[in-house]
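Colleague: Following is a predicted model, sequence given first.
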Amino acid sequence: MTVRPLRVPHVFTLILGLTVIVAVAGTLIPAGSYQRGDDGRIVPGSFRYVAPDEASRPGLSALPFAVLEAPLRGLVDASPIVAFLLVVGGTFRVIERSGAFPALVGLAARHLQTRGVLLLPTAMVLFSIGGAVFGMSEEVIPFVILFVPLARALGYGPVVGVAVPLVGAGMGFAGAMLNPFTVGVAEAIAGLPPISGWPLRTVCWVVLTTLGIAYVMHRARHERVEPSVDATGSDPGAPPTLTSRRIAVLGALALGIGVMVWGIGSRDWYVLEIGAVFLGIGLAAAVLAGLPATATAEAFGAGARDLLTAGIVIGMARGIVLLAGDLQVLDTTLHAAASLLATMPATLSINAMFVFQSLLNLLVPSGSGQAALTMPVMAPLSDL
């Protein structure tokens, strides 16, 4: 008997299924609502059930059309966030096309090649910064070509060469001090100021990066092999050199992030203003790197295209929230969940929410997609 491998449904299928479930729940779950303050946040203790004659739910005959309409309504409602996501994706693809970040990692690798004890942690910190600042994840794959032979040259096994970029970027992605694809989207949906909570996330980033480095160094001690005479300097897959143009690109990125932090702190900038800063960073990076206009446009389009699926997921997830609001089941569900969690100690209830979010990684691998899907529930649940 042939055993078929388990395949997780596509995220579009999952979200459309959730939309149908919400529509069905609207016919079964009593309508309810919380009072909300001027800032839109729920007032704890204000929940009440809505009498059937007061409820303004769509009728049964209108539910199929409401399900089909929900994704489009969500895309329109979440359009500023989706536009922000596409602009940031395009900007970082332009920066990637300039070769600035690979050149920075390559410089560290070349200078520390004879000192493996320093090379591994230094490279992991750089990858972790990439994961924390601009969501570096799949982008680490080309670096494996560099770090596997480099690890062999230093007397380490290939597992170490793979782990340096993979674990480094993963720890940074989890810490995410400034990641616009996860934290930025989540804060916009939750109605929080941009980059709020960065001190806590910085502590998390330091702890996670330290644990990741300790783990890889532990594996390195147990993965010793005979050092290879093959150096990475002649490897055709070696990273580009850090030229003055690429240094200028990295400087433009740092300056842009500084301007963004200033605008958020002193000018109350939000998604559109921050997106404009990122667009300016992308244009400056193209000019400083000497990229032709056509190559810049193609890189920007490719980066935006890579995040188009995530943008559609955000819109579809927003449509679920709008449909649940129309059916007046979201507040009822929040009330039930809050009542259940209220019986637990605060620490246990917070960790229960954390475990749920962690398990969701199995179904929705996109960080921005997860934010759009769960923040409408997690944020008010945290308030309650």
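Modeller: Thanks, I have it. Numbers count the residues shown, from 1 in each chain.
Colleague: if I read this right, residue 243 contacts residue 103, doesn't it?
Modeller: Yes - here residue 243 reaches residue 103: they are 7.2 Å apart, a contact under Cβ atoms under 8 Å. C-beta coordinates here come from the backbone N, C-alpha and C atoms, glycine included.
Colleague: Which one's more surrounded, the two?
Modeller: Shown here are residue 243 and residue 103; by other Cβ atoms under 10 Å, residue 103 has more neighbours (20 against 15).
Colleague: Against residue 95, how distant is the more buried one?
Modeller: 11 Å (Cβ to Cβ, to the nearest Å).
Colleague: So for those two, which residues contact both of them?
Modeller: Residues touching both residue 103 and residue 95 by Cβ atoms under 8 Å, 6 or more residues apart in numbering: none at all.
Colleague: Can you report how many residues neighbour the closest residue to residue 105 other than its chain neighbours?
Modeller: Nearest residue to residue 105 in three dimensions, chain neighbours excluded: residue 126, at 5.4 Å (Cβ to Cβ, 6 or more residues apart in numbering). Close neighbours of residue 126, defined as other Cβ under 10 Å, add up to 22.
Colleague: I'd like the average pLDDT over the host helix or strand of residue 126.
Modeller: According to DSSP states H and E, residue 126 maps onto helix 116-134. If you average the pLDDT over helix 116-134, you get 82.
Colleague: Tell me where the stretch 251-384 of the chain has helices.
Modeller: With DSSP state H, counting those that start in this stretch as the criterion, the stretch 251-384 of the chain has helices at 271-289, 293-306, 308-327, 330-342, 346-359, 367-383.
Colleague: Check whether residue 289 really touches residue 246, as I assumed.
Modeller: Yes - counting by Cβ under 8 Å, residue 289 does reach residue 246; the two are 6.9 Å apart.
Colleague: if I look at those two, which residues touch both of them?
Modeller: Common contacts of residue 289 and residue 246, defined by Cβ under 8 Å, 6+ apart, comprise 98, 99, 100.
Colleague: and the last one, what is it in contact with?
Modeller: So that's residue 100. So residue 100 contacts 242, 246, 247, 249, 250, 253, 285, 289 (Cβ under 8 Å, 6+ apart).
Colleague: Out of those, which comes closest to residue 314?
Modeller: residue 253 (24.5 Å; Cβ to Cβ).
Colleague: contacting residues for that closest one?
Modeller: 95, 100, 281, 285.
Colleague: What is the least confident helix or strand in this protein?
Modeller: Every helix and strand in the chain was compared by mean pLDDT, DSSP states H and E; the lowest is helix 141-153, with a mean of 71.
Colleague: List buried members of the contacts of residue 100 by neighbour count.
Modeller: Among the contacts of residue 100, those classed as buried by 16 or more other Cβ atoms under 10 Å are 242, 246, 249, 250, 253, 285, 289.
Colleague: Where is pLDDT lowest across the contacts of residue 253?
Modeller: By pLDDT, residue 100 ranks lowest within the contacts of residue 253, coming in at 85.
Colleague: Pull up the gap between it and residue 351, please.
Modeller: 39 Å.
Colleague: Over to residue 372?
Modeller: Going from residue 372 to residue 351 by Cβ to Cβ gives 23 Å.
Colleague: tell me the mean pLDDT for stretch 178-192?
Modeller: Mean pLDDT, computed over stretch 178-192, is 80.
Colleague: wait, I meant stretch 157-172
Modeller: 88.
Colleague: for that stretch, which positions count as buried?
Modeller: Buried-residue list, stretch 157-172, by 16+ other Cβ under 10 Å: 157, 160-172.
Colleague: Between these, which sits nearest residue 305?
Modeller: Taking Cβ to Cβ as the measure, residue 169 is the one of the buried residues of stretch 157-172 closest to residue 305, at 21.4 Å.
Colleague: What values do phi and psi take at that closest one?
Modeller: Taking degrees, to the nearest 10, you get phi -70, psi -40 for the backbone angles of residue 169.
Colleague: That one touches residue 137, doesn't it?
Modeller: Yes - with contact defined as Cβ under 8 Å, residue 169 reaches residue 137; the gap is 5.9 Å.
Colleague: Overlap of the contact sets of these two?
Modeller: residue 131.
Colleague: what's the helix or strand for residue 56?
Modeller: Secondary structure assignment for residue 56, by DSSP H and E: no helix or strand.
Colleague: which residues touch it?
Modeller: 326, 328.
Colleague: any idea how far residue 9 is from it?
Modeller: Look at residue 56 and residue 9: by Cβ to Cβ, they are 33 Å apart.
Colleague: Could you report the neighbour count for residue 330?
Modeller: Residues within reach of residue 330, counting by other Cβ under 10 Å, total 24.
Colleague: Just confirm it contacts residue 321, I think it does.
Modeller: Yes - proximity of residue 330 to residue 321 meets the contact threshold set by Cβ under 8 Å, at 6.8 Å.
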